[in-house]
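Student: Could you look at this predicted model? Sequence included:
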Amino acid sequence: MPPAASPEISMSLQNRFIRRLSARTGLNQTELTRFIKFAIVGAIGMVVDLTVLTISREILGLPLTLAVALGFSLAVVNNFTLNRFWTFPESRNRPIASQLVQFTVVNLIGLAINEVIVLGLHPIFSGVIQDPFAYLSAKVIAIGVVLFWNYGANRVWTYKGIE
């Protein structure tokens, strides 16, 4: 069994990856790192979202609109917490209540975008594949679209001024 890489080697590889990606995309390294962290938090949120959605729909029998909203809402709470402490730790010196309100407003708009995409794609996908795969496929696409909305809007409003 090969020895595990030391934390210094792992950080060095991460830093080289970020530098190369930054050079290729023209994006600031710090901002690119934040976006990657935001996306990782989003992936964790997606697991929360899809799990709650599936349980709400398949076990509890909730309507799709309500199940989507419930999964999305619990993912927002998860993502706010992780983003506040990991992605944007500098934001912890700001009042949590106003920051949570801003994050929630951005995510409510994201929820509306999410609902439109899921409810628009679900009938199309249902003609090809059965539920739960039809609505889960629509949901994954919606999550991808909403990721860019959430990052951009939160960056310029909720986390404004953080260098």
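Tutor: On my side now, so go ahead. Numbers count the residues shown, from 1 in each chain.

Student: ok, residues contacting stretch 143-161?
Tutor: For stretch 143-161, contacts defined as C-beta atoms under 8 Å, 6 or more residues apart in numbering pick out 34-35, 38-39, 42, 46, 49, 83, 88, 91, 99, 102-103, 106-107, 109-110, 113-114, 117. Placement of C-beta: from N, CA and C, glycine included.

Student: so of these, which ones are in strands?
Tutor: Among the contacts of stretch 143-161, none falls in strands (DSSP state E).

Student: residues near residue 113, how many?
Tutor: 15 (other C-beta atoms under 10 Å).

Student: Tell me who's in contact with it.
Tutor: Here residue 113 is in contact with 142, 145, 146, 149 (C-beta under 8 Å, 6+ apart).

Student: For the third one, which non-adjacent residue is spatially closest?
Tutor: In other words, residue 146. residue 110 (4.5 Å; C-beta to C-beta, 6 or more residues apart in numbering).

Student: ok, and for the helix of greatest length in the chain, which residues are buried?
Tutor: Scanning the chain for the helix with the most residues, using DSSP state H, yields helix 96-126. For helix 96-126, burial by neighbour count (16 or more other C-beta atoms under 10 Å) applies to 99-100, 102-104, 106-107, 110-111, 114-115, 117-118, 121-122, 125.

Student: Over to stretch 61-76?
Tutor: Applying 16+ other C-beta under 10 Å to stretch 61-76 flags 62, 64, 67, 68, 69, 70, 71, 72, 73, 74, 75, 76 as buried.

Student: quick one: low-confidence parts of the protein?
Tutor: Applying pLDDT under 70 to the chain picks out residues 1-11.

Student: residue nearest the centroid of it?
Tutor: residue 42 (2.3 Å; C-alpha atoms, centre = their mean).
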